[in-house]
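1. this one's structure only:
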């Protein structure tokens with residue numbers, strides 16, 4: 001048979017491109033061409049042992065019937081990246097953690113504005129951390145990887161985009177600090193931006209001044225410019241062709257003109273009404289007028305033809321653009337907003353505390369048509385949240401939960417779990433107040449605040465910030481300072497712009513910026529900025545920060561009218577916490593074998609007990625059980641030395657003596673010879689299980705065994721432990737030995753048969 005030449009297999013992987021660069025002191029690298037080649041682009045970004053694959057994928061056709069850009073950003077948190085198996089019974093990842101959701105939002109917020117107007121194709125960016133070393137933080141690397149993947153995807157992304165985290169330690173800014181450095185820093189700032197502008201800001205700060213924040217932003221932007229140089233260089237290195245500009249396929253100018261001419265005068269009248277409800281009514285009337293005008297057109301009319309197919313959403317977009325232009329013109333040219341306010345004017349504010357009975361603390365914060373009810377709950381240290389994610393943080397003592405029901409905006413929607421928006425807003429208001437919380441040693445409670453949005457017309461997260469601060473003070477939490485928050489807006493056309501204080505819903509919806517700032521008179525505790533335009537300058541941010549500072553102080557003054565400082569008492573319905581520190585060597589004594597001892601104390605006192613590794617014991621209870629539990633723990637951990645007088649309970653009797661429980665899990669033995677001054681043949685004649693006895697420690701031997709005696713306690717020593725003095729021995733007739741045992745028992749002093757004359761020596765047989 002004829003033979004054939006053997007087939008030589010070649011690697012299915014083509015050319016792999018890499019590039020390395022510095023971010024701060026760390027080495028970062030991009031790799032392209034090795035993995036996930038069916039995606040529009042896939043990049044592996046690496047910093048030491050933190051390694052993340054980021055993919056960008058876009059659909060070839062627009063999604064019909066929508067008036068928004070369908071971008072989806074995901075952070076796929078996998079526990080294998082930190083060498084762990086997920087907890088629970090299922091043993092696989094479930095719903096994303098709060099940190100993962102916040103990372104998704106960090107990716108989405110700077111990317112979303114950088115797409116052409118009217119682009120309706122689905123785009124998905126997925127960051128999948130393969131390895132997280134617990135040193136280098138993966139969230140900012142994910143933003144950077146997303147920017148690189150989108151640059152290589154061929155999609156009409158108007159980037160590139162850079163991102164950096166900034167820390168502040170001992171007055172020095174640090175680019176991309178490690179987890180440990182961030183824990184020591186007074187500033188945790190994440191900035192994303194283009195070569196010319198800042199796109200997104202997210203920060204937590206320990207009352208950092210506005211001037212320092214501006215310096216940090218300038219520092220971040222310099223780092224971002226360096227990254228963008230690398231991204232452009234790597235794009236050329238990979239040989240990716242220039243992307244084509246996005247253009248709409250249909251000429252919709254006639255439809256735009258038709259809609260604009262029909263509704264513009266009605267929209268102008270609606271926006272100059274200055275009353276929200278009447279404005280809504282007039283706008284609905286304009287939409288009905290538009291519907292009637294379309295219905296009256298003949299089937300062959302040019303406009304009727306355009307309304308078919310995938311351009312129906314253009315009508316709503318055009319109506320929105322008319323609203324946007326009129327609202328913005330009023331602000332820029334007339335200096336007046338849709339509700340009649342000036343640009344730096346804040347809506348009327350009303351603050352109340354203690355509005356809900358039985359809860360531990362409550363506050364109702366109302367600003368214009370935005371209203372939030374915040375409820376504070378105090379819990380035991382063991383009520384803290386356990387975190388199971390790829391970050392080193394494993395627990396959270398302070399939890400803030402934000403709920404946004406449909407009725408708050410007059411809509412009907414299912415009441416389901418928190419979405420990304422709720423998680424993001426809740427985290428911001430929680431972060432704003434964290435810096436004012438007392439130290440755990442001084443106030444060991446776990447804390448939870450629920451902010452229920454009752455009515456919404458913009459700035460609900462900032463209303464939640466204010467409500468949370470007041471609710472904590474109403475609960476008697478010794479916060480260091482009240483915290484307020486304000487949302488700033490921006491209207492910008494060319495070089496002309498106006499910064500708005502306390503934006504309402506439509507100014508967020510139709511404006512260019514949502515810039516939230518929280519803090520007190522001394523500095524900023526949290527910062528968040530999102531924009532819809534191609535970035536803003538440091539100068540605009542400086543003006544916005546100063547205007548926000550003045551607004552923040554105004555709101556703090558309104559809050560002070562309701563409550564100025566934490567209450568000096570807590571609600572009677574709040575748990576009480578007692579603390580006690582023991583030697584670390586005694587932790588095992590309190591816990592007992594298999595937790596038996598501590599479970600027994602909990603069952604006996606109905607208190608919650610938490611023990612830290614350093615020996616700090618925290619006892620939480622609703623009544624007096626906590627004090628009883630503390631007494632037991634103090635007694636059982638008391639150092640026992642020879643000569644110590646103690647109270648105990650007989651728990652077991654054996655032929656040669658009795659075991660006395662001095663504290664839970666700690667027993668001593670009274671030898672038969674140490675029960676009475678006379679000879680004892682039958683221990684049950686003197687003691688029974690359950691008797692309380694007054695004992696003295698004779699010795700503690702080298703093995704820790706405690707030897708006790710009941711003999712020899714003075715009346716004063718017995719009285720100090722709550723025992724009555726022993727009665728004097730009654731006179732007895734010669735040979736009347738049976739009467740000796742009719743006197744009080746040697747340990748507890750309770751009448752019982754048996755015993756003997758304490759003045760007599762041991763009985764002889």
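-> Received the coordinates, thanks. Keep in mind it's a predicted model, so treat the numbers as computed, not measured. Numbering: from 1, shown residues only.
2. from here on, contacts and neighbour counts on C-alpha atoms
-> Fine.
3. so residue 292 sits in a strand?
-> No - under DSSP: H, G, I helix; E, B strand; the rest coil, residue 292 sits outside any strand and is assigned helix.
4. Can you check the pLDDT for it?
-> As predicted, residue 292 sits at a pLDDT of 85.
5. Can you pull out the low-pLDDT segments for the protein?
-> Filtered on pLDDT under 70, the chain yields the residue ranges 1-11, 242, 244, 247-251, 300, 304-313, 665, 715, 724-765.
6. Verify the contact between residue 316 and residue 67 for me.
-> Yes - taking C-alpha atoms under 8 Å as the definition, residue 316 is a contact partner of residue 67 at 7.5 Å.
7. show me where the stretch 551-700 of the chain has strands.
-> 576-581, 608-611, 616-621, 645-654, 657-663, 666-671, 692-700 (DSSP state E, counting those that start in this stretch).
8. Nearest to residue 359, out of these?
-> Distance to residue 359, taken as C-alpha to C-alpha, is lowest for strand 576-581 among those, at 14.3 Å.
9. which parts of the closest one are buried?
-> For strand 576-581, burial by neighbour count (16 or more other C-alpha atoms under 10 Å) applies to 576, 577, 579.
10. for it, the distance to its chain's centre please.
-> 25 Å (C-alpha atoms, centre = their mean, to the nearest Å).
11. residues in contact with that strand?
-> 380, 444-445, 615-623, 626-627, 630 (C-alpha atoms under 8 Å, 6 or more residues apart in numbering).
12. Report the contact partners of residue 515.
-> With C-alpha under 8 Å, 6+ apart, residue 515 has these contacts: 487, 488, 489, 527, 528, 529, 530.
13. could you say what helices and strands the helix or strand in which the first one is found packs with?
-> Residue 487 is part of strand 484-493 when elements are defined by DSSP states H and E. Packed against strand 484-493, as judged by 3 or more C-alpha pairs under 8 Å, 6 or more residues apart in numbering; DSSP states H and E, are the following elements: helix 460-474, strand 496-501, strand 513-519, helix 538-560.
14. got the contacts of residue 515 as JSON lines, with neighbour count and distance to residue 106 columns?
-> Shown next, in JSON lines, are the contacts of residue 515 (neighbours: other C-alpha atoms under 10 Å; distance: C-alpha to C-alpha, whole Å):
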{"residue": "487", "neighbour count": "29", "distance to residue 106": "18"}
{"residue": "488", "neighbour count": "27", "distance to residue 106": "19"}
{"residue": "489", "neighbour count": "25", "distance to residue 106": "20"}
{"residue": "527", "neighbour count": "25", "distance to residue 106": "13"}
{"residue": "528", "neighbour count": "19", "distance to residue 106": "10"}
{"residue": "529", "neighbour count": "22", "distance to residue 106": "11"}
{"residue": "530", "neighbour count": "21", "distance to residue 106": "10"}
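15. So the closest residue in space to residue 234 that isn't next to it in sequence versus residue 683, what's the distance?
-> The spatially closest residue to residue 234, leaving aside those adjacent along the chain, is residue 19, at 6.8 Å (C-alpha to C-alpha, 6 or more residues apart in numbering). Distance, residue 19 to residue 683, by C-alpha to C-alpha, to the nearest Å: 86 Å.
16. if I pick the closest residue to residue 473 other than its chain neighbours, what's in contact with it?
-> Spatial nearest neighbour of residue 473, excluding adjacent residues (C-alpha to C-alpha, 6+ apart): residue 566 at 4.0 Å. Taking C-alpha under 8 Å, 6+ apart, we find residue 566 in contact with 472, 473, 474, 475, 476, 477, 478, 479.
17. so the fourth one touches residue 571, yeah?
-> This means residue 475. Yes - at 6.5 Å, residue 475 and residue 571 qualify as touching, with contact defined as C-alpha under 8 Å.
18. residues bridging contact with these two, i.e. touching both?
-> 360, 361.
19. higher neighbour count, these two?
-> residue 475 (26 against 17; other C-alpha atoms under 10 Å).
20. How much space separates that one from residue 481?
-> Going from residue 475 to residue 481 by C-alpha to C-alpha gives 14 Å.
21. Residue 380 now?
-> Counting by C-alpha to C-alpha, the separation of residue 380 from residue 481 is 23 Å.
22. my guess is residue 259 meets residue 315, correct?
-> Yes - contact status for residue 259 versus residue 315: in contact at 7.1 Å, counting by C-alpha under 8 Å.
23. which residues touch the strand holding residue 487?
-> 328, 331-332, 459, 462-463, 465-466, 469, 497-503, 507-508, 511-520, 544, 548, 551-553, 555-556.
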